[in-house]
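Engineer: sequence below, structure please.
(chains A and B)
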Amino acid sequence: MNMTLFDVVGPVMVGPSSSHTAGAVRIGYIAGKLLGEKIKKAQINLYGSFFATGRGHGTDRALMAGLLGFRPDDERIPSSFALAAEQGIDFKFGEAMLREGHPNSAQIILDGIYGTHIEVIGESIGGGRINISHLDGQQAGFSGEYPTLIVYNLDQPGRVAEVTAMLAGRGINIVSMHLQRSNRGGNAVMVIECDQEVPVGICTWFEGHPGIEKVKYLNPEEYSNV
Amino acid sequence: MYKTLSEIISVCEKSGKPLWLVTAEEEAAEQAKTTDEIFEEMRKMYSAMKYTLENYDPDLRSRSGMTGTAGAAYEKFAAENKSLVGEYLDMVIAAAIKTAESNACMKRIVAAPTAGSCGVLPAVLISYEKFKSADEDNMVKALFVAGCIGEIIAKNASLSGAQGGCQAEIGSAAAMAAAALAFLEGGDNECIASAAALTMKNMLGLTCDPVAGLVEVPCVKRNVSGAVNAVSYAQLSLAGIRSVIPADEVIDSMRRIGRLLPECLRETGMDGLAVTPTACEISERLK
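Structural biologist: Sure, this is the predicted structure:
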């Protein structure tokens, strides 16, 4: 893994484990951001080592803390269950039945207060870093470290070109790109990690564009309390 | 990025710059920031280490019940003049356990290089600052020296117990701390490299076999061994005693040994301490 100086001396985090605690906070955080509204109901399923040792590592509390919008160094992480209950969030934990998953995986199913429903599978890949492997049943594959644009489009020719041309026009450079469709001519999900932030205007333009159903945008700099 | 310690040391010699500055400048270039900004970022890491120790809760226990109160117990023992060793080493031992216990009890720590080995650097450095009334800027410089060693280890071997066993975690933390201490005591780059080499050499082969898969047993108390080793071998190096095997070669040995360690001893809980009758009993109780 490519490590910087502050991966070696750092990060500042709530213990006990970078993969089972800090990474879990980040998975929860990204899932909460992807929902984009206050959480009404959360079903959190653990897989592999997360399921086997998660309780002792505080993985469950860490995931919940992330859903509440906390950073991995937030000292309120151990008390996240009580804080979630205070906010009226109905949450449950279970075991994830994944066909094949990274040993440190969590499946998070969220319902928002305005009716949005999402399902995220996140993997904690070491050193507090994560990979969002699935979003709403489709393969995704992004780290949450970069500004990330998620476009739900119809599987039609030219949709990718339109989106990337728009980004290029604004001088936005693409770090990584992932595209997956459910079936020919059906629904597709485009996940684009960018070097620069994507202006709100672009997201709105995409949303009104034919062949694009909805757009989600994730800005990792915006850590805050949801 | 520099690949080996000998390479970065030769850059220091050619430029006449100290090791900590070359490390800081390299990170500044990487992040497109100024060296001052990087220095302040490192100071934050040092402050966060102090914060953990200052906020140690002597009554806290981990969720598993295996960890807690040991740091306070050792401090009490030392305060009663029962200790065999000097004041500095007493401070090092207490701080190593206190930080590692805080980690196990879900308190805020600095992973350096990992959460499981987070007690080693603060134990050696913060105790030094207190004991010597040292200047904080110097302590931050020492953290850059430690970081330089850690980066070289990450590049050429591993910092992960699952990949290389505990030698990669506590072993690396100890080598980093020894280098930092050699720097603080005025050692030149050769002395710093030798301190890291001697320390790592004497922690090679350590397995990662924690009870119930948790970062508690033996991890918490092994932080003491890492910290005390670091002090011992920094002392040897400062006395002019050199490692026969150079640091880069020791690090490469750590990589090879890590690969040879059977998987059952690399954070899988399949052998070693993790399968002892007592460990099995504890795991069963936690289910």
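Engineer: let me know the outermost residue of chain A.
Structural biologist: residue A:157 (27.5 Å; CA atoms, centre = their mean).
Engineer: determine whether the claim that it is in a strand is correct.
Structural biologist: No - assignment of residue A:157 by DSSP: H, G, I helix; E, B strand; the rest coil gives coil, placing it outside any strand.
Engineer: mind checking how far it is from chain B?
Structural biologist: Separation of residue A:157 from chain B (CB to the nearest CB, to the nearest Å): 39 Å. C-beta: built from backbone N, CA, C; applies to glycine.
Engineer: swap in residue A:118?
Structural biologist: For residue A:118, the distance to chain B - CB to the nearest CB - is 28 Å.
Engineer: now do the least confident helix or strand in chain B by mean pLDDT: which elements does it pack against?
Structural biologist: Lowest on mean pLDDT, DSSP states H and E among the helices and strands of chain B sits helix B:161-164, with a mean of 90. For helix B:161-164, the packing partners by 3 or more CB pairs under 8 Å, 6 or more residues apart in numbering or on different chains; DSSP states H and E come out as helix B:247-260.
Engineer: can you tell if the helix it packs on touches chain A?
Structural biologist: No - using CB under 8 Å from any CB of the partner chain, helix B:247-260 stays clear of chain A, coming no nearer than 13.5 Å.
Engineer: quick one: average pLDDT of that helix?
Structural biologist: Averaging pLDDT along helix B:247-260 gives 98.
Engineer: so which elements touch that helix?
Structural biologist: Right, helix B:247-260 is packed against helix B:5-15, helix B:136-156, helix B:161-164, helix B:189-201 by 3+ CB pairs under 8 Å, 6+ apart.
Engineer: worst mean pLDDT among these?
Structural biologist: helix B:161-164 (a mean of 90).
Engineer: so where's chain B shaky on pLDDT?
Structural biologist: Applying pLDDT under 70 to chain B flags no residue at all.
Engineer: now the strands for it?
Structural biologist: Ranges of strands in chain B, per DSSP state E, are B:108-110.
Engineer: center of it - which residue?
Structural biologist: residue B:173 (2.3 Å).
Engineer: any idea how many residues pack against the closest residue to residue B:276 other than its chain neighbours?
Structural biologist: Nearest residue to residue B:276, sequence neighbours excluded (CB to CB, 6 or more residues apart in numbering or on different chains): residue B:211, at 8.0 Å. Residues near residue B:211, counting by other CB atoms under 10 Å in any protein chain shown, number 25.
Engineer: part of a strand, is residue A:178?
Structural biologist: Yes - judged by three-state DSSP, residue A:178 forms part of a strand.
Engineer: that one contacts residue A:135, doesn't it?
Structural biologist: No - taking contacts as CB atoms under 8 Å, residue A:178 lies outside contact range of residue A:135: 9.8 Å.
Engineer: neighbour count winner among the two?
Structural biologist: More crowded of residue A:178 and residue A:135, by other CB under 10 Å: residue A:135, with 25 against 16.
Engineer: wait, that one touches residue A:120, no?
Structural biologist: Yes - counting by CB under 8 Å, residue A:135 does reach residue A:120; the two are 5.8 Å apart.
Engineer: which neighbours do those two share?
Structural biologist: Residues touching both residue A:135 and residue A:120 (CB atoms under 8 Å, 6 or more residues apart in numbering or on different chains): residue A:34.
Engineer: which one of the helices and strands packed on helix B:247-260 is the most hemmed in?
Structural biologist: helix B:189-201 (a mean of 26; mean count of other CB atoms under 10 Å in any protein chain shown).
Engineer: hmm, that one touching chain A?
Structural biologist: No - counting by CB under 8 Å from any CB, no contacts exist between helix B:189-201 and chain A, the nearest distance being 13.4 Å.
Engineer: now the angle between helix B:136-156 and that helix, please.
Structural biologist: 60 degrees (axes from the mean of the first three to the mean of the last three CA atoms, to 10 degrees).
Engineer: flag every residue of chain A that's near chain B.
Structural biologist: Going by CB under 8 Å from any CB, the residues of chain A near chain B are A:1, A:3-18, A:21-22, A:49, A:52-53, A:55-58, A:61, A:73, A:75, A:77-78, A:126-128.
Engineer: please redo it, this time with the cut-off set to 6 Å
Structural biologist: With the criterion set to CB under 6 Å from any CB of the partner chain, chain A comes near chain B through A:3, A:5, A:8-18, A:53, A:56, A:58, A:73, A:75, A:78.
Engineer: restricted to helices, list those.
Structural biologist: Among those, DSSP state H puts A:5, A:8, A:53, A:56 in helices.
Engineer: in ChimeraX, select just the buried ones from those residues.
Structural biologist: The following ChimeraX line selects those of these that are buried, judged by 16 or more other CB atoms under 10 Å in any protein chain shown:
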select /A:5,8,53,56
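Engineer: closest one of the ones in helices among the residues of chain A next to chain B to residue B:85?
Structural biologist: Nearest to residue B:85, judged by CB to CB, of those is residue A:8 at 29.5 Å.
Engineer: got a list of what the nearest residue to the closest one once chain neighbours are set aside touches?
Structural biologist: Of all residues beyond its chain neighbours, the one nearest residue A:8 is residue B:150 (3.7 Å), with distances taken as CB to CB, 6+ apart. By CB atoms under 6 Å, 6 or more residues apart in numbering or on different chains, the contact set of residue B:150 is A:8, B:113, B:176.
Engineer: and the longest helix for chain A?
Structural biologist: Chain A, longest helix under DSSP H: helix A:23-35.
Engineer: helix or strand right after that helix?
Structural biologist: strand A:39-48 (DSSP states H and E).
Engineer: what are the pairing partners of that next one, and which direction each?
Structural biologist: When pairs are called by DSSP bridges, strand A:39-48 turns out to pair with strand A:90-95 (parallel), strand A:104-112 (antiparallel).
Engineer: give the buried residues for the shortest one.
Structural biologist: By neighbour count, and taking 16+ other CB under 10 Å as the criterion, the buried residues in strand A:90-95 are A:91, A:93.
Engineer: ok, now which ones touch the residue positioned nearest the centre of chain A?
Structural biologist: Most central in chain A under CA atoms, centre = their mean is residue A:30, positioned 3.2 Å from the mean C-alpha point. By CB under 6 Å, 6+ apart, the contact list for residue A:30 reads A:132, A:144.
Engineer: and if we set it to 7 Å?
Structural biologist: A:122, A:132, A:144, A:218 (CB atoms under 7 Å, 6 or more residues apart in numbering or on different chains).
Engineer: in those residues, which residue is surrounded by the most others?
Structural biologist: Highest neighbour count within those: residue A:122, with 30 neighbours (other CB under 10 Å).
Engineer: so for the helix or strand that one falls within, mean pLDDT?
Structural biologist: Using DSSP H and E, residue A:122 sits in strand A:117-126. For strand A:117-126, mean pLDDT is 94.
Engineer: that one vs strand A:39-48, what angle?
Structural biologist: 40 degrees.
Engineer: what helices or strands is strand A:117-126 leaning on?
Structural biologist: helix A:23-35, strand A:104-112, strand A:129-135 (3 or more CB pairs under 7 Å, 6 or more residues apart in numbering or on different chains; DSSP states H and E).
Engineer: angle of the first one against strand A:39-48?
Structural biologist: Spelled out, that is helix A:23-35. Interaxial angle, helix A:23-35 versus strand A:39-48 (the same axes, to 10 degrees): 140 degrees.
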